[in-house]
Structure formats: structure tokens, C-alpha cells
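Novice: Sequence plus the predicted model coming up.
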Amino acid sequence: MLLLLALSVCAQPGTGLPPRHMDSVVQIVEALEASEPGFTVPELARALGGCGTPGCRAVLGEPPDVPAAPPALPGEQWLLFTQLLRRDDDDAAPEGGAVLAPDGSTVALGPLFAGIEVGLKRATGCPTPTIEPPIDALYAVTIAEALGTSFLLARGADGHQATLGPAGCWDDVDDPQNYTLLGPPSPIPDAVAIGAMDGVLLGAQLAREPIPLAELLRGYYGTGNGTEKGRPPSSYRRRDFGVLTGPGKLEEEVVAMLRVLRELPPTQELLEDVGPEEMVAIARQAARDFTEVYVECPAIVPRCMWGARPYRGTPKPLTLPLGSIYIHHTFSPSDPCRTFAACAHAMRAMQRFHQDTRGWDDIGYSFVVGSDGYLYQGRGWHWVGAHTKGYNSKGYGVGYVGDFSATLPDPDTIALVRDELLPCAVRTGRLHHNYTLRGHRQLGHTDCPGNSLFHEIETWHGFK
């Protein structure tokens, strides 16, 4: 199968392996860097199968032989590392090969380490194979081959084949072992998209300023499940990837990679009837869709990731597109949540209050806004909420975690809704382009969303 990353099988219960968390990877990398000075970790990742596709092999060369288990690495850590990177074409399930990061996102290690290897080669002046037509190796080994292949394979399908996504959920965020997708897999499930973006960002950073890999990963992702230090740089990946990539860059690199794939024996047949104009059209669609989903639209943490209880009763469907947005603050919790752990805790507390005290079927909001850079799915895009009495079927209820009577959310947190969620909802057909935006107090006897936040939303597009 032509996938950028064919992810390995999930861990089996009772294996005693370390959790599939980025903290575990950082510990492994640290041990390897200390004990194996002549063998870089990205090269080891490639040897184990993290870069097995034709394009990746063309750019970085044939993988080295798999070495023996390093003596300094405990057997369970070596087994975890090999499971996360092993490529098996007979079992190319996208549930494995990924780890949970402290910011709550899920990262595939194959494209992450491939991008890091390109960055290291650039930093040390180590050449990569010369390829015609010329390509940007950093994009080629992370996202360009995957994007081109995904949209190329979909072109002859019935129009319903997935090209991007879906997201997934872990069995236990404190001890993640098994990751399950929430829908039909594409060649680029969310974990691969996130790993690719991180591979580009960290590869570019290393090319400018080489530092030990464990230090790089710890600085970017944070440690300890994000409970101590607030937002890590990884929570800004969408913004930073968009800035680094720039308009047209992704399309340009997908076109270049498709041209390379047309010359490689394993993929020649796949592209033999694809002309230059169609190749450009495929790349344009791929770049446009990827940018909309992973750069312009915000990340939304699914219910199963924050530990939601089941919905009680039968949810009522919304009729889309809706015409209104209603802005709330939670008031309680009164403090903004700045980490995945804190926001997930706040979501569970609100759902308990709404179900057990208020007697509602579920948490009332459609979406909840954390100050960790993420939105959290409440009732979501398709189901009537319980946020604005008398108006629940007419609009989405979006609640900011915190009491914003006297203070404002962080500028990034304001922009998450104003500049990302609302335009995304319009582009994807969930919200009318001429929607109306109101604060909760305009439609009920309440101070919600607090004086400070209300005066802020008076300046937003659509406010009436």
C-alpha cells in the first residue's frame, strides 16, 4: 500500500510496555543518545521502518540494517520503540505507530523522525541524494508524498474515499496503550498529519540550530502530560506550520513529489496516465484541503479524549447550516484551563454538573474553549445543545472556560473562536455566512459571558 506511514499494531494488554506517551519516547531518545554516539536516533528510526515508502527512500536513501538491541536500553523500552516504528504491509493499521503528546494531540513518529533527520543532515552539511525534479527534502519525507498519494488514490474512487483524517482516541490518557480511529482511515489520519507538521517544524529548527534530540523534543512537547507548565510550543503547531509553509508552498512540494514518484519504479504505474495538468490539479486540491483542515480550522478534542460520559436519552439533530452563535463563559470553573489535563478535568466536572445537578442529557455547550490552544467537543456540530434556553436549535453555544467578568481570555484564546472556529464553520457549511453572534445575556437573565468578554465580542463580525 502506498502510505507515507503504515503504522504498527497496537500494544497488547498485559505486555508491561511503557505508556505510548511522548514522555516515553523522550526517555528512550535520551538513553540512546547517551549510549549510541555513532548512530543517530532518526537513522535508527529509519532502520526500524519509519521511512519505508518509495519517496522517503529516494530522499534519505535505503535504510541501514537494524542493529541489535542497545545494551543501555531496557528490553521493554526497545520493544516499544520497535513497535512504534515497524512497518508491516500486511497490517498497515493506522492505530499504532503513534504516541500521545502532553498537549493532548497524537503524533505519528515516522514523519516526525524523518523530518528531524533532514534537519540534522542540513545542519551538519551531510548531503542527501540528488533527485530530479528538485524537491524540498523536508516536505518530501514528512507530508508531500503522503498528500500526493492520498489524493491520487482518491481520484479514481467514487468520491467518498477519505483523503484526510480521522481523529482517534486512546484507551487511557494516563497510560495510553491502544489508539482507535473514530472513522474510516485515510492515508493521512490525524496522527500522521500532526507528526508531519511537527517533523517540518522541528526539522527546520534543527537545521538552524542543532541541539540534542531529547532536549529538542522535551522543549517542544513539554513533559509530565502538560500538568505543570501550561502551553508547550507543540500547541501552536497549526499557526507555526502555516507561517513556515506559506501560501502555495505545500502545493508546489506536492507537485514536485508526484513528478518524482512518476519516475520511481514502484510508483510509475500509479502515475502513468496522469498528465501534468491533472498532477497540478491533484496537488492544488490536496494542499487546499490539508490547509483548511489542519491550519485554518482549529483542533477540536473529541469527547472520548476528555473522558465524556455517554449522552443520556436520544440526541436531537440540528438542521445545518445554523444562523447563530451564542458566546458564554463557564463562570465555574472560574479559572482558565491552560493544559490538556486541566481542561479535560474541567470538561468532566461541567458534564457531571449539567447531568447530575441540572438534569440535562449531556454537557450543554456545543464547544468549550480552553486556554491551552484547543477547543473541546461538547455536543458538537450536529446535535441540539442546552446552552441558550429557547434558542438551542438555532445556533451553536460556545463557552469559554473561566470567569471573564473583569478580565479577558488570552489573545490567542479569543482568536481561537473569532479568527478560526467561526470562519471554519462558515467554510464547511455548518454556519451561514451572514450568521448572527450574540452573548448569552442578550437572550436570558444572566451576566454571561461576563462584562469583559461581552464588550470584546461586541467588536466581532456578526455581533448584533
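Specialist: Looks like it arrived, so ask away. Quantities reported herein were computed from a predicted structural model and do not represent experimental measurements.

Novice: worst-scoring helix or strand of this protein, pLDDT-wise?
Specialist: Every helix and strand of the chain was ranked by mean pLDDT, DSSP states H and E. The lowest is helix 268-271, at a mean of 90.

Novice: Now it: buried residues?
Specialist: By neighbour count, and taking 16 or more other Cβ atoms under 10 Å as the criterion, the buried residues in helix 268-271 are Leu270, Leu271. In this view, the C-beta of every residue, glycine as well, is placed from N, C-alpha and C.

Novice: Now do the nearest residue in space to Ala214 that is not next to it in sequence, the pLDDT please.
Specialist: Distance criterion Cβ to Cβ, 6 or more residues apart in numbering; nearest residue to Ala214, sequence neighbours excluded, is Glu30 at 3.9 Å. pLDDT recorded at Glu30 is 92.

Novice: Gly226 now?
Specialist: Note on Gly226: pLDDT of 44.

Novice: Could you do Ser8 as well?
Specialist: Turning to Ser8, the model gives it a pLDDT of 32.

Novice: One more: Phe39?
Specialist: 65.

Novice: now swap in the one 3 residues further on and tell me
Specialist: At Pro42, the pLDDT value in this model is 93.

Novice: Could you report the distance from the residue nearest to Ala214 to Gln77?
Specialist: From Glu30 over to Gln77 the distance is 11 Å, taken as Cβ to Cβ, to the nearest Å.

Novice: list the contacts for Asp103?
Specialist: By Cβ atoms under 8 Å, 6 or more residues apart in numbering, Asp103 lies in contact with Tyr221, Gly222, Gly226, Arg231, Pro232, Ser234, Ser235, Thr339, Phe340, Asp372, Gly373, Tyr374.

Novice: quick one, which of Glu30 and Gln77 is more surrounded?
Specialist: When neighbours are counted by other Cβ atoms under 10 Å, Glu30 and Gln77 differ, and Gln77 comes out ahead with 20 against 17.

Novice: Apart from its neighbours in sequence, what residue is nearest that one?
Specialist: Nearest-residue entry for Gln77: Ile28, 5.1 Å, with adjacent residues in sequence omitted and distances by Cβ to Cβ, 6+ apart.

Novice: domain assignment for the protein?
Specialist: 22-296, 304-457 (automatic domain parsing).

Novice: Could you work out the end-to-end span of the longest one for me?
Specialist: Distances were taken as Cα to Cα, to the nearest Å; on that basis the terminal residues of domain 22-296 are 26 Å apart.

Novice: Adjust the sequence numbering to begin at 41 for everything that follows.
Specialist: Got it, the first residue is 41 from now on, which makes the last one we talked about domain 62-336.

Novice: residues touching Gly155, list them.
Specialist: With Cβ under 8 Å, 6+ apart as the criterion, the residues that contact Gly155 are Leu178, Val181, Thr182, Ala236, Asp238, Gly239, Val240, Leu241, Leu242, Gly243.

Novice: Over to Ala384?
Specialist: Gly144, Val213, Val341, Met345, Trp346, Gly347, Tyr416 are the contacts of Ala384 under Cβ under 8 Å, 6+ apart.

Novice: and the first one, that's in a strand?
Specialist: No: Gly144 is assigned coil when assessed by DSSP: H, G, I helix; E, B strand; the rest coil, not a strand.

Novice: For Gly270, see how far away the residue nearest to it when sequence neighbours are not counted is.
Specialist: Spatially, and ignoring its direct neighbours in sequence, Gly144 is nearest to Phe380 (3.3 Å; Cβ to Cβ, 6+ apart). The gap separating Phe380 from Gly270 is 11 Å, by Cβ to Cβ.

Novice: between these two, what contacts are shared?
Specialist: Overlap between the contact sets of Phe380 and Gly270, as judged by Cβ under 8 Å, 6+ apart, is given by Asp412.

Novice: Between those two, point out the one with more neighbours.
Specialist: Remark: of Phe380 and Gly270, Phe380 carries more neighbours, 30 against 14, as counted by other Cβ under 10 Å.

Novice: Next, count neighbours for Gln67.
Specialist: A count of nearby residues for Gln67, using other Cβ under 10 Å, gives 18.
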